[in-house]
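# Take this sequence and fold it.
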Amino acid sequence: MVYTQFFSENCLDLGDITLLKLSKQLNISEKRSKQIFDGVKDSCHKVFDVKKEAVSKGVDTEWKKMEKELEMRDSADNIDEIQRYCEKNIGIIRRYADHGNADAQYRLGKCYCLGFGIQRDFKEAAKWYQLSTEQGNHLAQYFLGRCYSSGEGVDKNDKEAVRLFKLAAEKGNPQAYLQLGFCYDIGFGVTQDDKEAVKWFKLAAGKDVPLAQFNLSLKFLKGEGIEKNETKAIKMLMAASNNGLAEAQYKLGKCYEEGLGVTLNKKKALKLYKLAADQGLIRAKIKLKKENCFITTAVCNHYKRPDDCYELNLLRWYRDTWLVDQDNGSSLISEYYCIAPEIVDKINDSDNSRDIYRYLEEKYIRRCISLIESKEYSFAKEHYIEMINYLKVLFS
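All right, here's what the predicted structure looks like:
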């Protein structure tokens, strides 16, 4: 090969036109020409690498400041504040992600997943999680595992989800511990194994993860994968309850109500039920309102029936075992608890309360009871909704 031609093809890469002139104008050997070219090429690459490293360090330094801001918001568990910050800085996050910063790639994936500052797109989320995962980011590994477990943005793959959870767990990710506990507990992507489930729940509980504490308490109560121990179960329930987990507050309330692992204390039980109910746990709300079917109770009181009469017990059973599990059941029950006491007060204050109660009994209550007895639960729901709507209009 003629080195003059070689120089001509590469001079733009080097950015040094003098080499091209040198090769054309100076009378030097091909060997010497190659030595000059290789020397200059090596020098240019070194300069480029130094500049690239300097830029990278600059980006890393700037990103660390931004990541610190995001971590502060993460620790405060303020999703609204995180959303505002991401929306404000989405362009910066994207720029760092494009540059190859693993943390920024994870953050960009999460922005796509949640729709923070950008249109929600699970495929894009999975793409950026994948890029970050390849660089060993344990948060990206965990969330990519969630993508594979749910099939959002990728084809659902239980085993791949477990593999990614294990990668994140190896780096000490507490949420990955929890997910692996769930996987082994129900046999998701792995063979069901109570002992393995307990192992991972323990690791997550040790990191103060409320759901892990709660699930570990259930293992202690049932003796699954570990020796049954009510004392340790209560300890874990208390920890999860103190961490604000509504399910744990409800379960601990039942323990106090029944004297399971603790001294029977109905006052404490009611206090815990209220804590759970205040967070929207419908079972806790039902527990608190168990003695009150409100309108039906008022009708039964009018007819001098006891609180444990057949009609009330049947309607409570229907509410607690069927209605609560329907798609809109919880919302219907919550709405009922909000409006029913006021309706009963208005009926009692009216001059024709006796006529109203008799009409409700004959038109609605008896029909609902009949439908439930016939297991026509959906029709019973519609009939009861019709009664509530009638009363809304009557006392609007």
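# List the contacts of the residue most central in space within the chain.
The centroid of the chain falls nearest to residue 146 when counting by CA atoms, centre = their mean (10.0 Å). Under the criterion of CB atoms under 8 Å, 6 or more residues apart in numbering, the neighbours of residue 146 are 152, 161, 179. The way it works is simple: take the backbone N, C-alpha and C, and place the C-beta from them, glycine included.
# Show me the domain layout of this structure.
The chain resolves into domains spanning 3-46, 295-394 when parsed by automatic domain parsing.
# Counting by contacts, list what the helix or strand containing residue 161 packs against.
Take DSSP states H and E as the rule and residue 161 turns out to sit in helix 158-170. With contacts taken as 3 or more CB pairs under 8 Å, 6 or more residues apart in numbering; DSSP states H and E, helix 158-170 sits against helix 138-150, helix 174-186.
# what angle sits between the last one and helix 138-150?
Angle, helix 174-186 to helix 138-150, by axes from the mean of the first three to the mean of the last three CA atoms, to 10 degrees: 30 degrees.
# which other residues reach helix 174-186?
For helix 174-186, contacts defined as CB under 8 Å, 6+ apart pick out 138, 141-142, 145-146, 149, 161-162, 165-166, 168-169, 188-190, 192-194, 196-201, 203-204, 207-209, 211-212, 215.
# Tell me where the stretch 1-150 of the chain has strands.
With DSSP state E, counting those that start in this stretch, there are no strands along the stretch 1-150 of the chain.
# ok so, going back, looking at the domains of the chain, which has the lowest confidence?
The weakest mean pLDDT among these belongs to domain 3-46, with a mean of 51.
# so what's residue 195 up against?
225, 226.
# Then residue 263?
Contact analysis of residue 263 by CB under 8 Å, 6+ apart lists nothing.
# Is it part of a helix or strand, or is it coil?
Following DSSP: H, G, I helix; E, B strand; the rest coil, the label given to residue 263 is coil.
# just how off-centre is stretch 187-196 within its chain?
22 Å (CA atoms, centre = their mean, to the nearest Å).
# Check which residues of it are buried.
By neighbour count on 16 or more other CB atoms under 10 Å, the buried set for stretch 187-196 is 188, 189, 190, 196.
# now, among the residues you listed, which is nearest to residue 378?
Ranked by distance to residue 378 (CB to CB), these are led by residue 188 at 32.3 Å.
# for the helix holding residue 161, which positions count as buried?
Across helix 158-170, burial judged by 16+ other CB under 10 Å covers 160, 161, 162, 164, 165, 166, 167, 168, 169.
# Let me see the mean pLDDT of it.
For helix 158-170, mean pLDDT rounds to 97.
# returning to that earlier point: would a markdown table of the buried residues of stretch 187-196 with secondary structure be doable?
Formatted as a markdown table, the buried residues of stretch 187-196 follow (three-state DSSP):
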| residue | secondary structure |
| --- | --- |
| 188 | coil |
| 189 | coil |
| 190 | coil |
| 196 | helix |
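# of these, closest to residue 319?
residue 188 (32.2 Å).
# pretty sure the closest one contacts residue 160?
No. With contacts counted by CB atoms under 8 Å, residue 188 stays clear of residue 160, the gap being 11.9 Å.
# what about residue 244, neighbour count?
11 (other CB atoms under 10 Å).
# Which residue ranges of the stretch 1-150 of the chain form helices?
3-14, 17-25, 30-75, 79-99, 102-114, 122-133, 138-150 (DSSP state H, counting those that start in this stretch).
# That should have said the stretch 201-350 of the chain, apologies.
Under DSSP H, counting those that start in this stretch, the stretch 201-350 of the chain gives helices at 210-222, 230-242, 246-258, 266-278, 282-288, 295-302, 310-321, 329-349.
# What is the shortest one packed up against?
Meaning helix 282-288. Using 3+ CB pairs under 8 Å, 6+ apart, the elements in contact with helix 282-288 are helix 246-258, helix 266-278, helix 329-349.
# Deepest-packed of those helices, please.
For the helices and strands packed on helix 282-288, the largest average neighbour count (mean count of other CB atoms under 10 Å) is found in helix 246-258, namely a mean of 22.
# what does that one rub up against?
Outside helix 246-258, the residues touching it (CB under 8 Å, 6+ apart) are 210, 213-214, 217, 234, 237-238, 240-241, 260-262, 264-266, 268-273, 275-276, 279-281, 283-284, 287.
# Look at the residue nearest to residue 268 when sequence neighbours are not counted and report its pLDDT.
Computed as CB to CB, 6 or more residues apart in numbering, the closest residue to residue 268 that is not its neighbour in sequence is residue 256, at 4.5 Å. With respect to pLDDT, residue 256 scores 93.
# so how far is residue 270 from residue 256?
Per CB to CB, to the nearest Å, residue 256 is found 9 Å from residue 270.
# Kindly report the same for residue 99.
Note on residue 99: its distance to residue 270, by CB to CB, is 56 Å.
# what's the burial count for residue 119?
Residue 119 has 7 neighbours, counted by other CB under 10 Å.
# Then residue 307?
Residue neighbour count, defined by other CB under 10 Å, stands at 12 for residue 307.
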